[in-house]
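Enquirer: just need the structure, nothing else, for what follows:
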Amino acid sequence: MNDHIEKPAVKPLRKRVLEYLFMFGFIIINSALIINPWAGRFWRKEAVNYKDVMLIYFIFALIIGSIYIVLSLTLLVKKSKVLENLTISIFIITLIILADRVLLLFYGLPIWQHDPDIFFKQRPNQEKTWGYVIPVLDEWKNKLFTTNQYGYHDDNFTLDKPKDEFRGVMLGDSVVNGNGLTIRETIPSQLENILKERDKKYKTYQVINTGVQGYSTYQYGRTLEDSLKFKPDFAALGFVANDVIEPALFNYNFGGPGFDIFRQTIQSNNRFFGYLLNSTGFGRLIIKKKTNADTWNKKVDENIKSLIYCSSHPPDDPVIKEAWEETFIELENIQKIVKEKNIPYLLMIFPARFQLSSEQNMFIQKTLIEYAQKNNIDYIDFTPYFEEAVLRGISGELRDKCGNISKAEDLDQCVKNLDKEGLFEINLEIENQLDRYYMDFLHYTPLGNEIISEGVFEYLEEKGLIKAE
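Expert: Numbering: from 1, shown residues only. Next up is the predicted model:
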């Protein structure tokens with residue numbers, strides 16, 4: 001009797017696997033409808049920082065999902081051992097790729113990308129918040145960091161220089177780049193606006209911001225060489241206190257570990273392996289595992305200590321002698337480039353906050369000024385510019401206590417002479433004034449950048465490169 005009960009048909013294993021493959025492909029394609037830059041802004045917190053990785057996932061999900069659907073439908077109607085083996089290989093490879101793209105969604109990509117020649121550079125066409133890029137104060141974290149088609153924190157501009165346009169190139173690190181600032185607040189952009197308002201010699205202006213966070217002199221030279229294609233009318237290099245010693249903290253060519261924890265970049269001489277380590281999901285996972293709060297804080301402390309040491313010791317000090325020698329080599333290379341191309345060149349010396357009115361921390365300024373004078377290089381030491389700006393902000397009451405304050409040395413002597421109560425009072429006011437121009441121990445506020453851009457404008461006028469009204 002049971003023999004007459006009709007048993008349900010069991011699908012062959014092969015057919016069930018292909019149907020699962022089809023459904024998997026369908027699910028992946030549908031996930032792309034949710035995970036993309038357009039829909040992501042409705043469900044992803046701070047979606048602006050993940051637009052790039054969501055776009056990457058969207059493209060790969062559509063491609064991989066479509067491959068699964070096509071292969072499954074093809075094998076359902078046509079048996080082929082070769083195609084089945086190929087499908088298995090494709091499935092394994094694409095599954096790894098898909099997992100990698102999912103990791104990217106979680107960890108994101110930094111604004112920097114690996115470069116085998118100069119360690120790292122900024123990615124083109126980026127838009128992130130500064131809070132995503134690097135830890136900054138709440139006041140600055142929601143401001144946008146953007147890059148143009150060349151990877152610069154600058155507006156887009158054409159490669160070919162228009163007729164009657166005045167072009168400059170500014171080389172530097174995070175200070176020139178504009179740490180925590182929008183493009184409009186950076187030194188190059190502010191200088192560009194001043195030129196538009198006051199110069200009568202040219203019709204249009206482009207001051208190109210090639211500054212990159214973490215760059216030092218060896219990277220400035222390579223950047224200058226690449227910038228020659230823009231046909232600049234002048235070049236300016238912003239030298240900061242940590243430019244001498246920072247390469248040894250990260251770059252293995254200078255004794256470093258080959259990992260820059262601040263830029264989240266692993267060094268490699270091979271472009272392909274550099275990409276795998278720095279721009280894939282599995283690579284970002286490795287970097288995140290190498291990064292923790294203790295390691296980060298240790299490097300910050302190491303950076304600050306080396307900066308102070310370099311500022312307070314002469315260049316022939318055994319600890320920093322080799323670093324200074326490497327710095328001079330790179331500065332000479334830059335001078336050689338501008339001299340060959342007959343490009344006016346300005347060395348800008350940027351003071352750290354702790355260097356103002358501090359004679360014992362002026363060795364970097366003294367060394368660079370001596371080097372510039374010896375090699376007939378135009379320079380501006382902006383230390384007195386900031387000291388004078390702070391002095392101008394001191395209140396009348398405290399001026400009365402100190403007598404006639406006309407220079408930084410007067411203020412320094414006044415602080416030493418005041419009693420404890422007065423010392424606290426004037427130190428507090430000095431700190432308040434410094435906060436107007438510095439956002440931290442090294443980087444400037446928009447008002448601080450205004451001081452620098454005004455100084456460069458005056459230099460350009462004195463050199464006859466522009467004609468102010």
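
Enquirer: quick one: low-confidence ranges for this protein?
Expert: The model of the chain has pLDDT under 70 over residues 1-11, 395-401, 403-413, 415-426.

Enquirer: domain-wise, how is it divided?
Expert: 11-107, 112-462 (automatic domain parsing).

Enquirer: hey, where'd the helices end up in the stretch 51-200 of the chain?
Expert: 51-77, 81-107, 130-133, 138-141, 174-177, 187-198 (DSSP state H, counting those that start in this stretch).

Enquirer: return the set of buried residues in the second one.
Expert: Looking back up the chat, that one is helix 81-107. Neighbour-count burial for helix 81-107 flags 87, 91, 94, 98, 100-105, 107 (criterion: 16 or more other CB atoms under 10 Å). For every residue, glycine as well, the C-beta is placed using N, CA and C.

Enquirer: do the same with the fourth one
Expert: Applying a neighbour-count criterion of 16+ other CB under 10 Å, the buried positions in helix 138-141 are W140.

Enquirer: run through who's touching it.
Expert: 129-131, 180-181, 439 (CB atoms under 8 Å, 6 or more residues apart in numbering).

Enquirer: could you redo the last one with a cut-off of 10 Å?
Expert: Counting by CB atoms under 10 Å, 6 or more residues apart in numbering, helix 138-141 makes contact with 129-135, 179-182, 185, 439-440, 443, 445, all of which sit outside it.

Enquirer: from these, which ones fall inside strands?
Expert: With strands defined by DSSP state E, the entries of those inside them are T129.

Enquirer: please pick the buried ones from the contacts of helix 138-141.
Expert: Looks like the contacts of helix 138-141 have 129-134, 179-182, 185, 439, 443, 445 buried, using 16+ other CB under 10 Å.

Enquirer: so how far is L103 from the closest residue to I64 other than its chain neighbours?
Expert: Of all residues not flanking I64 in the chain, T94 sits nearest, at 4.6 Å (CB to CB, 6 or more residues apart in numbering). Noted for T94: a distance of 15 Å to L103, by CB to CB, to the nearest Å.

Enquirer: what of F166?
Expert: Where L103 is concerned, F166 sits at a distance of 46 Å (CB to CB).

Enquirer: repeat for E429
Expert: 51 Å.

Enquirer: what does L228 give?
Expert: From L228 to L103 the distance is 39 Å (CB to CB).

Enquirer: give me the number of residues near I287?
Expert: 19 (other CB atoms under 10 Å).

Enquirer: check which helix or strand M348 maps to.
Expert: Here M348, judged by DSSP states H and E, is contained in strand 345-349.

Enquirer: for the residue nearest to I64, what are its contacts?
Expert: Listed by CB under 10 Å, 6+ apart, the contact set of T94 reads 25, 28, 60, 63-65, 67-68.

Enquirer: of those, which is the most crowded?
Expert: Result: Y68 is most packed of the contacts of T94 (other CB under 10 Å), 25 neighbours.

Enquirer: quick one: contacts for that residue?
Expert: 18, 20-29, 87, 90-91, 94-95.

Enquirer: same thing but 6 Å
Expert: Taking CB atoms under 6 Å, 6 or more residues apart in numbering as the criterion, Y68 is in contact with 21, 24-25.

Enquirer: for it, which non-adjacent residue is closest in space?
Expert: G25 (2.9 Å).

Enquirer: so where do the strands sit in the stretch 351-469 of the chain?
Expert: Ranges of strands in the stretch 351-469 of the chain, per DSSP state E, counting those that start in this stretch, are 378-381.

Enquirer: buried sites along stretch 300-307?
Expert: Neighbour-count burial for stretch 300-307 flags 303, 306-307 (criterion: 16+ other CB under 10 Å).

Enquirer: from those residues, which is closest to F42?
Expert: Distance to F42 across the buried residues of stretch 300-307 (CB to CB) is lowest for N303, with 39.7 Å.

Enquirer: about what we covered before: nearest to R123 among the buried ones among the contacts of helix 138-141?
Expert: Closest to R123 out of the buried ones among the contacts of helix 138-141 is V133 (11.2 Å), distances taken as CB to CB.

Enquirer: where along the stretch 151-300 of the chain do the strands fall?
Expert: Going by DSSP E, counting those that start in this stretch, the stretch 151-300 of the chain shows strands at 165-171, 204-209, 234-239, 259-260, 265-266.

Enquirer: in a markdown table, list the ones you listed along with mean neighbour count and distance to K298.
Expert: A markdown table is the format used below for those (neighbours: other CB atoms under 10 Å; distance: least, CB to CB, whole Å):
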| stretch | mean neighbour count | distance to K298 |
| --- | --- | --- |
| strand 165-171 | 24 | 29 |
| strand 204-209 | 22 | 31 |
| strand 234-239 | 26 | 26 |
| strand 259-260 | 20 | 13 |
| strand 265-266 | 23 | 18 |
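
Enquirer: quick one: which of those strands is nearest K45?
Expert: Evaluated with CB to CB, the strands of the stretch 151-300 of the chain place strand 265-266 nearest to K45, the distance being 25.0 Å.

Enquirer: partners of that closest one, with directions?
Expert: Strand 265-266 sits in its sheet next to strand 259-260 (antiparallel), going by DSSP bridges.

Enquirer: pull the residues that contact the partner strand.
Expert: 250, 266.

Enquirer: and it, how far out from the chain's middle?
Expert: Averaging C-alpha positions (CA atoms, centre = their mean, to the nearest Å) puts strand 259-260 14 Å from its chain's average.
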